[in-house]
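> Sharing a model prediction with you, sequence too.
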Amino acid sequence: MTSQKQRPRLAVFKLASCDGCQLSILSLEEDLLLLDQAVDIAYFPEASSRMEDGPYDITLVEGSISAPEHIEQIKNIRAQSGLLVTIGACATAGGIQALRNGADVADYVATVYAHPEYIQTLKDSTPISEHVKVDFELWGCPIDKEQVRHFLSDLLAGVEPRFPEHSLCMECKRQEHLCVLVAKGEPCLGPVTRTGCGAICPAMGRACYGCFGPAEVSFPAGREHANADALASRFSEALHLSNDEVLRRFKGINSHASAFKETAGKWQKMEENKHE
Amino acid sequence: MNTFADFHAARIMGKREETPDVWTFRLRFEAQNIADRFAFKGGQFNMVYLFGVGEVPISIMSDPDDKEGLDHTIRIVGRVTRGIEKLNVGETLGIRGPFGKGWPLEEAKGKDIVVITGGLGCAPVVGAIEYIFRRREDYGQIKILHGVKTPRDMLYKARFETWARYPDTQVLLASDQPAKAWHYHVGVVTELFDMVDITPEKTIVMMCGPEIMMQAGAKHLAARGVPPQQMYLSMERNMQCGIGLCGHCQVGPYFACKDGPVMTYDQVAPYLGI
Amino acid sequence: MSDSVDSWILKKVSFDIFFSALKSEDYKVLSPQVEDGAVTWFEASEADDLKQGFSDQQNIGSYRLNQTESDVWFSIVHGAQSLKSLTFKPRQATVKIIKTEAGISFQAEQPKAEKIAVIGARACDVAALQIQDRVFLGGAYQDEYFKANRESLLIIAVNCTHAHETCFCASMNTGPKVKAGFDIALTELKDAFIVEAGSMAGKRIVEALNLTVAPKDMSKQADRLIEHCAVSQKKRMPQQNLPQALYEKQHSEHWDDVATRCLSCANCTMVCPTCFCHAIEETPDMARQTSERVRVWDSCFNPEHGYIHGKNMRPTTADRYRMWMTHKLGSWIDQFDSSGCTGCGRCTTWCPAGIDLVEEAIAVLGEDAMEKKA
C-alpha cells in the first residue's frame, strides 16, 4: 500500500453516541492491523492514547449533534478534515436520542436528572449533515463491520466507495430467510429499510426495526423516498396494529430520517385526532 | 464457455487524453493466444474490468484489422472509469468480450451515410466513421451532423475538421449556446437536418446520443422517406453481463447488450425513453 | 413423452423402495419440509421424512402454516422457495482475481453440482424451470452454473389436488397437473401414489420398482382430484393480445396508482420462480491483493437496476412496477416465446404490501382483456 510518508491521517471523533460504531471498527481484527499500516491513526481515543492534532485526511464521526458544544466541535472537525464520514445512525440521522425531537426536552431532563440545571442540551438531536458538509454516510446502529472494511479499502485505493441503497428484503431473500411480515404478521421494516446489515434480525426470526434507515436512493435523477406510508397502512390494515403501535415502529433508531419522520408524524396526528 | 468468468488480462500500452474527461487507452492482451484469437466487428464492445471495483461496457474504437492492440475511448463518469483514469501505461485491466451488435458497416457499403450525434455520446460512432474513411471508396456520400450544448463539450474537434476536408463529405456542427470561437451553427442539432440533401432509399443513418435527439432525428428522416430499418441507433442501457442474461439492459423485448447496442429505429421506436 | 405414459401404483407403505432406487443412483433427496417455521428444501432419507405434518394457507400478502393431523403427506402446496434456488443460486461465486507481479490474473469458479432428486416439486415450479431453461440455456450464451445444477437435478413432481386463494396455474396452462419437464410425477391418494414417468431417466427408475399398473378407477380418481383443484382456482390472469396489450399501456395512469402501494422492496421478484436478473458483488480484501466476484439475485425493483452514469431509466416505483409486469407477462413472450409467469401466486402471497398481480394486470389491461379470453 502507500509508503510510510504518504500515509493518510485518520481521525475518529465521537459526539453524542454510545461508542458502538467505534467498536465495530475495532472488531475488524486482523484487518485493523492492515488499516494501521495503510493509514496513520492520528486520533482515535477509543483505540489509542496517542491523540494528535489535525489536519486529518479522513475523519470518521460517530454521534449526533445533541449538546450546544457539539456545534462548535463539528465545525472544528470539518475545518480540519479532508473527507468527513459519518458512522452510524446517530451521526447520519440523529440517532435514538432524536426521539426527543418535537417533545418538551426540559421536561425530559427534569424527569431524568436530579439536578437538571447542570444539563446543557439542545432541543433537537440532529445529524452531522444538518450542520456541516458530509462526504460519505455509513448507516446502521451500529455500522456493519464488513461495510466499514469495504469502505476503507475502497477509499484507500482511491476508489469511490458506494453501497447498495435498495431494500433489506433483497438480502433477506438471497439468504432465503422466512418473511416474518408475511408468514408471522410481524411488523418488519425490512421492505423500506436500506440494506447493509446482512439481514441479521430476520435471520433470527425477528422483525427489522430499521436501524439502517430508509431505503432511499441518492444518485442523481433517482431520488425517491422509501414508501414508508404504504408500509404503515399495511401494518394497520393487515396486521391490525393500533395507530400508536404503527407510529412507534417508525419512531425508533432513525426517527429523524425524513421518510420515517413524515410517516410517524402522520400517524401521530391520526392518533391525536382520535383522542380529540 | 463460462462467459461470466472469461476474463483476460490486458496491458495498457498507451493512454491519450482526448479531452480532460475522455481518455483513449490502447490495450494488448497479455496472452498471445488470446490476442491472436480475439476478433470483433466495428461497433462491438468489451466489458472492461478494473481490479477490485468492477466492469464497464466500452465500445472498441480501433479498426478490426488492427491486430496490434485494441483502442478503448473511455469517458470518466463513474467509479470504475474514475479508477481506470488513474491507471498508467504498463498496468493491467481485465477484458471480457467482444459483445453486442455494432454499426452496419457491411450493410452500408455502396450507400450514403448520415451520422447524427449529440452531446458527449459520439465516442462509439467515431470508430465507425474512421473505419469508413479508411475504406472510403466502399461508401457513398458521407454527412456528419453533430450537436453539443456548448462549444466546450465539443470532443474530437480536430477529427471533425479533418473529416470535413475529405471528398464527398459534409460535416455540420451545432451548439445550443453561442461562443466567440464557434463559427458553426448556433441552435439544436435537429436544425441541421434541413441543411442536408439525402437520397432516402440509399441512405444508412447512424445515430448516437441522447434518446430524445435520436428520436427527433429518426422522425425527421422517416418523414423524408428514409425507411426505419435503415436508421441505426446506439442504445445506452445498464449493460452488466454483456450476454443477455442479467436482465438490466432491456429495451422493450430486446436486450441492448445482445440485440444491440446498435438497433434499428424499426426495432426500438416504441420503447424509446423507457 | 408424457402423452404415452402409463401410470402405476406405489403404495405409501412401500414408498421406501423408491428411496432405495434413488439412493442406488447416488441422488441426494430433497423435499419441502417445515424447519424453524419455514418451508425449505430438506434432505429426506426415508418415506417418513416426506410427511409434512403442516398445511399452508396462502392469501394476498399472507402465508400461514398450520399443524395438521391429516394423513396427507404433501399437505403444503409450496413455500417461498421454488426450484430456482437449487438451479439459479442466490449467490454464486464466478471468479477470483489475484494481483500478481505482472498485473492481475483470473481464477474462474468452475461449475459443479451434486446429483439432487427433489420430491414434491409442483407443476407451476416445474414449468418455471422450463422457462428458466430457455432464459439460461436457450440463447447464444449459456449460464454454465445453471446448466451444471440443472443437469444433475431429477424432478419428482407431485400434482396439486388443492389450490390457494393466490394460485392461478390453471389460467396460465401450467398446472395443477405437471405437463412436461418432469422425470416422475406423483398424484397422492389416500393410501397410495399414482406414478407416471416423464423422461427416460424417470422411466428407468420407475420400471426398476416393478410397480403394478394403476387401475382405471384409481387413475380417474386422481384426475378428478386434479380437475377439482383446477376449477377451484378463482384467479385468472388476462392473456388476451399479449405482449402488445401491455406495450400499449406504457403510459397508463394505473402505474402511478400501484406505486402508491408498492414498496419497491423486490420480494415479488425474489420469490418468483422465473425472475432471472442478477448483479455482481465485487469484494476486494482489505489489502487489495485479491478480489472476489459473486453473482447475486437482483431485481427490477432495485432502484439501481436501470442506472447508467448520472441517469436512471426507471427512477420511480411506477416505472419499476411497469417494467416488472410488462416484462413478466408481456415482453417475456417476445424474448423467450412464453409468458414469464406460471401462476404460482408467490408474488402475491409474499408481497408485504398485499399487491395482487392478477388484480393489477386486470386493472392495467381493462376488464375486457379478461372477458375476451377464449
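Yes, it's here. Residues are numbered from 1 along each chain as shown, chains lettered A, B, ... in the order given.
> make it CA atoms for all contacts and neighbour counts henceforth
OK.
> Can you check the pLDDT for residue A:3?
Model confidence at residue A:3, expressed as pLDDT, equals 46.
> Okay, and residue A:6 sits in which element?
Following DSSP states H and E, one finds residue A:6 outside all helices and strands.
> what's the burial count for it?
Other residues near residue A:6 number 11, with proximity taken as other C-alpha atoms under 10 Å in any protein chain shown.
> Could you pull up the mean pLDDT of stretch C:275-285?
For stretch C:275-285, the mean pLDDT works out to 96.
> and if you look at stretch B:257-273?
Mean per-residue pLDDT for stretch B:257-273: 91.
> next one: stretch B:229-245
Rounded mean pLDDT across stretch B:229-245 is 94.
> Could you check how far that stretch is from the centre of its chain?
How far stretch B:229-245 lies from its chain's middle: 11 Å, per C-alpha atoms, centre = their mean, to the nearest Å.
> Is chain C within reach of it?
Yes: contact of stretch B:229-245 with chain C (C-alpha under 8 Å from any C-alpha of the partner chain) involves B:236, B:237, B:238, B:240, B:243, B:244, B:245.
> For the stretch 51-200 of chain A, what lies in contact range of chain C?
Counting by C-alpha under 8 Å from any C-alpha, the stretch 51-200 of chain A sits next to chain C at A:149-150, A:152-153, A:165-170, A:173-176, A:178-179, A:181-185, A:191-192.
> Separate out the buried members of these.
Buried subset of these (neighbour count, 16 or more other C-alpha atoms under 10 Å in any protein chain shown): A:149-150, A:152-153, A:165-170, A:173-174, A:176, A:178-179, A:181-185, A:191-192.
> Show only the entries of the residues you listed found in helices.
A:149-150, A:152-153, A:168-170, A:173-174, A:181-184 (DSSP state H).
> want to throw those into a markdown table with distance to residue B:76?
What follows is those, written out as a markdown table (distance: C-alpha to C-alpha, whole Å):
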| residue | distance to residue B:76 |
| --- | --- |
| A:149 | 26 |
| A:150 | 22 |
| A:152 | 22 |
| A:153 | 21 |
| A:168 | 31 |
| A:169 | 33 |
| A:170 | 30 |
| A:173 | 35 |
| A:174 | 33 |
| A:181 | 43 |
| A:182 | 44 |
| A:183 | 47 |
| A:184 | 48 |
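> For the nearest residue to residue C:280 once chain neighbours are set aside, list the residues it contacts.
In this structure, residue C:280 finds its nearest non-sequential neighbour in residue C:295, 4.5 Å apart by C-alpha to C-alpha, 6 or more residues apart in numbering or on different chains. Neighbouring residues of residue C:295 by C-alpha atoms under 8 Å, 6 or more residues apart in numbering or on different chains: C:90, C:91, C:92, C:93, C:94, C:278, C:279, C:280, C:281.
> again, but for residue C:360
residue C:258.
> Residue B:42 now?
Counting by C-alpha under 8 Å, 6+ apart, residue B:42 makes contact with B:60, B:61, B:63, B:64, B:102, B:103, B:105, B:127, B:128, B:131.
> Quick one: the residues you listed as a markdown table, columns for distance to chain C and neighbour count too.
Output for the contacts of residue B:42, formatted as a markdown table (distance: C-alpha to the nearest C-alpha, whole Å; neighbours: other C-alpha atoms under 10 Å in any protein chain shown):
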| residue | distance to chain C | neighbour count |
| --- | --- | --- |
| B:60 | 19 | 26 |
| B:61 | 20 | 27 |
| B:63 | 25 | 20 |
| B:64 | 22 | 18 |
| B:102 | 17 | 25 |
| B:103 | 20 | 26 |
| B:105 | 22 | 16 |
| B:127 | 22 | 22 |
| B:128 | 23 | 24 |
| B:131 | 27 | 19 |
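> so where's the stretch 101-250 of chain B shaky on pLDDT?
The stretch 101-250 of chain B contains residues with pLDDT under 70 at B:121.
> any weak-confidence spans in the stretch 251-374 of chain C?
Checking the stretch 251-374 of chain C against pLDDT under 70 turns up C:368-374.
> Quick check: buried residues in the helix or strand that residue A:42 is a member of?
Element membership for residue A:42, per DSSP H and E: strand A:40-43. Using 16+ other C-alpha under 10 Å as the test for burial, strand A:40-43 gives A:40, A:41, A:42, A:43.
> is that strand anywhere near chain C?
No: Strand A:40-43 stays clear of chain C (C-alpha under 8 Å from any C-alpha), getting no nearer than 15.4 Å.
> could you give me the average pLDDT of that strand?
Over the span of strand A:40-43, the pLDDT mean works out to 95.
> by contact count, what packs against it?
strand A:9-14 (3 or more C-alpha pairs under 8 Å, 6 or more residues apart in numbering or on different chains; DSSP states H and E).
> Now the strand it packs on: buried residues?
Buried, per 16+ other C-alpha under 10 Å, within strand A:9-14: A:9, A:10, A:11, A:12, A:13, A:14.
> neighbours of whichever residue of the stretch 151-276 of chain A sits closest to chain B, just the number please.
The stretch 151-276 of chain A approaches chain B most closely through residue A:160 (5.6 Å), counting by C-alpha to the nearest C-alpha. Close neighbours of residue A:160, defined as other C-alpha under 10 Å, add up to 16.
> That one is in contact with residue A:153, isn't it?
No: if you go by C-alpha atoms under 8 Å, residue A:160 and residue A:153 don't touch, sitting 10.1 Å apart.
> for chain A, what are the nearby residues on the stretch 1-150 of chain C?
C:37, C:38, C:61, C:62, C:63, C:64, C:65, C:80, C:81, C:90, C:91.
> check contacts around the nearest residue to residue C:69 once chain neighbours are set aside.
Spatial nearest neighbour of residue C:69, excluding adjacent residues (C-alpha to C-alpha, 6+ apart): residue C:53 at 6.6 Å. Going by C-alpha under 8 Å, 6+ apart, residue C:53 touches C:67, C:68, C:69, C:70, C:73, C:75.
> Up against chain B, what does the stretch 101-250 of chain C have?
C:103-109, C:135-136, C:141-144, C:247.
> Filter the residues you listed down to the buried ones.
In terms of neighbour count (16+ other C-alpha under 10 Å), the buried residues within those are C:103-106, C:108-109, C:135-136, C:141-144, C:247.
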